[in-house]
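> show me how the following folds:
(one chain, ligands or ions: 2)
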Amino acid sequence: MRVKSEDEEKFMNKKIAVLAGDGIGPEIVPAAVAVLEAVGKRGGHAFEFVHAAVGGQAIDDTGWPLPDDTLQLAKTSDAVLLGAVGGPKWEGLDYERRPERALLGLREQLGLFANLRPAKLYSELADASTLKREVIEGIDVLVVRELTGGIYFGKPKGVEATPTGHRGFNTEVYTTEEITRIAKIAFDVARKRRRLVTSVDKANVLESSELWRKVVIEVHKDYQDVELRHMYVDNCAMQLIRNPGQFDVILTTNLFGDILSDEAAMLTGSIGMLPSASVGASVGMYEPIHGSAPDIAGKDAANPIGMIASGAMMLRYSFGMSEEADLIENAIQAVLGQGCRTGDIAAPGTTLVGTKEMSDRILQSIG
Ligand code: IPM
Ligand code: MG
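Numbering: from 1, shown residues only. Ligands and ions are numbered 1, 2, ... in the order given. Predicted coordinates:
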């Protein structure tokens with residue numbers, strides 16, 4: 001067997017499934033693809049982008065939000081880049097046929113139990129936040145959200161008829177194994193950061209949270225170099241806007257993580273800024289944390305930064321290309337430094353640009 005030279009090892013071929021989806025998805029995804037292509041070229045890598053339908057777009061084409069072809073493509077790619085799904089057009093459908101099901105299906109089928117949502121403030125945007133500069137200055141929070149368990153997937157669930165009307169129900173359920181594996185991820189990433197994990201639960205009321213806390217304490221025994229704190233979710237929601245600087249890694253359940261990550265996003269100025277990585281198995285999925293924003297779709301008004309930064313997370317977490325990921329993040333910072341802003345982060349004295357121009361400027365800044 002011929003041994004590859006070090007130079008050859010550095011150059012990689014990667015197949016990326018591109019699922020643009022609905023609303024602003026098709027406007028922001030091309031920006032991330034162009035940026036990935038540019039950094040790939042610079043680093044000598046060959047990225048192959050294969051597009052497929054997902055969400056409402058797939059419902060219109062096939063009747064189902066996650067067609068088999070799309071799922072197969074995702075499973076046989078090295079990573080998945082996803083825009084957004086959903087919109088008013090599909091809101092009346094049964095739950096099983098709604099666009100959001102595609103996301104849940106991909107997470108479940110790909111085994112992506114860990115969702116990493118970093119809320120880091122670009123100092124240029126301190127004045128774009130609804131909170132005071134002194135509260136948010138320097139914040140760098142990572143929400144580690146459990147993604148394939150809890151009330152999103154728990155059974156029994158449903159709506160049933162009763163003599164007096166209906167009864168709707170879902171089940172919040174976590175097993176030792178599910179809590180252990182997500183806790184390990186949180187402690188592992190904390191070791192690369194400020195070594196502080198705040199585990200968020202509702203252990204004063206919920207049995208599933210009582211188990212959550214017990215298991216997290218158990219897992220922590222192997223991570224004595226990391227500090228562990230516990231916080232109830234209501235208090236965490238308050239502390240995030242009172243003093244977000246106290247957080248490094250927030251470890252939490254699927255539902256609490258969904259809610260707290262939107263709140264954490266607003267600390268950074270706009271939900272349009274936040275990327276995410278869903279990992280846990282061989283194929284990772286990368287998407288901005290915001291939704292399809294149908295109100296601004298097609299108007300060249302969406303902020304592409306969360307999407308582009310998701311591409312950077314893909315390079316870092318799925319492909320181990322941290323230098324290339326830095327290139328993208330530095331380009332975003334540089335363009336913000338030039339005073340370029342989409343509407344969601346606009347401030348007096350800055351230049352208002354559309355999706356296309358923001359994307360082009362970031363691309364140019366990569367060179
Ligand atoms: C998110 C979204 C999704 C979720 C929806 C669209 C299913 O809000 O990724 O945060 O609830 O997980
Ligand atoms: Mg959400």
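> what's the separation between Glu287 and Tyr223?
Going from Glu287 to Tyr223 by CB to CB, to the nearest Å gives 29 Å. For glycine as for every other residue, the C-beta is placed from the backbone atoms N, C-alpha and C.
> neighbour count winner among the two?
Neighbours were counted for Glu287 and for Tyr223 using other CB atoms under 10 Å; Glu287 has more, 28 against 18.
> residue boundaries of the helices in the protein?
If DSSP state H is used as the criterion, the helices of the chain fall at 6-10, 25-43, 56-62, 68-75, 100-110, 133-136, 176-191, 207-220, 233-242, 254-267, 305-317, 322-337, 355-366.
> quick one: stretch 38-50 to chain centroid distance?
22 Å (CA atoms, centre = their mean, to the nearest Å).
> then stretch 307-324?
12 Å.
> for that stretch, buried residues please.
307-319, 321, 324 (16 or more other CB atoms under 10 Å).
> what do you get for stretch 54-73?
Buried-residue list, stretch 54-73, by 16+ other CB under 10 Å: 54-59, 64-67, 70-71, 73.
> can you name the residues of the stretch 151-300 of the chain sitting close to ligand 1?
Contacts of the stretch 151-300 of the chain with ligand 1, taken as CB under 6 Å from any ligand atom, map to Asp258, Ile289, Gly291.
> what's across from the closest residue to the last one other than its chain neighbours in the sheet?
It stands for Gly291. Leaving out its chain neighbours, the residue that sits closest to Gly291 by CB to CB, 6 or more residues apart in numbering is Ala84, at 5.3 Å. Here Ala84 sits in beta bridges with Gly21, as judged by DSSP bridges.
> from ligand 1, how far out is Ala84?
Distance from Ala84 to ligand 1, counting by CB to the nearest ligand atom, to the nearest Å: 8 Å.
> next, count neighbours for that residue.
Ala84 has 33 nearby residues by other CB under 10 Å.
> per-domain residue ranges of the chain.
According to automatic domain parsing, the chain comprises the domains 1-113+274-367, 140-266.
> could you identify which of those is most buried?
When you average the neighbours per residue for each of the domains of the chain (mean count of other CB atoms under 10 Å), domain 1-113+274-367 leads with a mean of 19.
> pLDDT weak spots in the stretch 1-150 of the chain?
Along the stretch 1-150 of the chain, the parts satisfying pLDDT under 70 run over 1-10.
> please work out which residue of it is closest to ligand 1.
As assessed by CB to the nearest ligand atom, ligand 1 sits closest to Glu100 within the stretch 1-150 of the chain, at 3.9 Å.
> now that residue: how far from Arg107?
11 Å.
> looking at this protein, which residue reaches furthest from the middle?
Pro163 (42.4 Å; CA atoms, centre = their mean).
> pLDDT score assigned to that one?
Per-residue pLDDT puts Pro163 at 98.
> then Ala281?
On the pLDDT scale, Ala281 gets 95.
> which non-adjacent residue is nearest it?
Once flanking residues are discounted, Ala281 sits nearest to Gly111: 3.6 Å by CB to CB, 6+ apart.
> contacts only, for that neighbour.
Thr148, Gly280, Ala281 (CB atoms under 8 Å, 6 or more residues apart in numbering).
> again with Val18
Val29, Val33, Phe49, Val50, His51, Ala52, Leu81.
> what are the bridge partners for the fifth one, then?
This means His51. Under DSSP bridges, the residues paired with His51 across the bridge are Val18.
> roughly how far does the residue in the stretch 151-300 of the chain positioned nearest to ligand 1 sit from Phe187?
The nearest approach of the stretch 151-300 of the chain to ligand 1 comes at Asp258, 4.5 Å away (CB to the nearest ligand atom). Distance of Asp258 to Phe187, given as CB to CB: 22 Å.
> cool, and Asn115?
16 Å.
> can you check Gly272 too?
Gly272 is 30 Å from Phe187, by CB to CB.
> what's the answer for Val143, then?
Distance from Val143 to Phe187, by CB to CB: 15 Å.
> just Ala277 next, same as before
In terms of CB to CB, Ala277 sits 17 Å off from Phe187.
> just Ile259 next, same as before
On the measure of CB to CB, Ile259 and Phe187 end up 23 Å apart.
> try Glu329
Counting by CB to CB, the gap from Glu329 to Phe187 is 24 Å.
> Ala293 now?
35 Å.
> do Ala74 as well
28 Å.
> ditto for Glu146
From Glu146 to Phe187 the distance is 14 Å (CB to CB).
> same deal with Ala161?
46 Å.
> got the residues of the stretch 1-150 of the chain near ligand 1?
Residues of the stretch 1-150 of the chain lying close to ligand 1 by CB under 6 Å from any ligand atom are Glu100, Leu103.
> how about 8 Å then?
Ala84, Val85, Gly86, Glu100, Leu103, Leu104, Arg107, Asn115, Leu147 (CB under 8 Å from any ligand atom).
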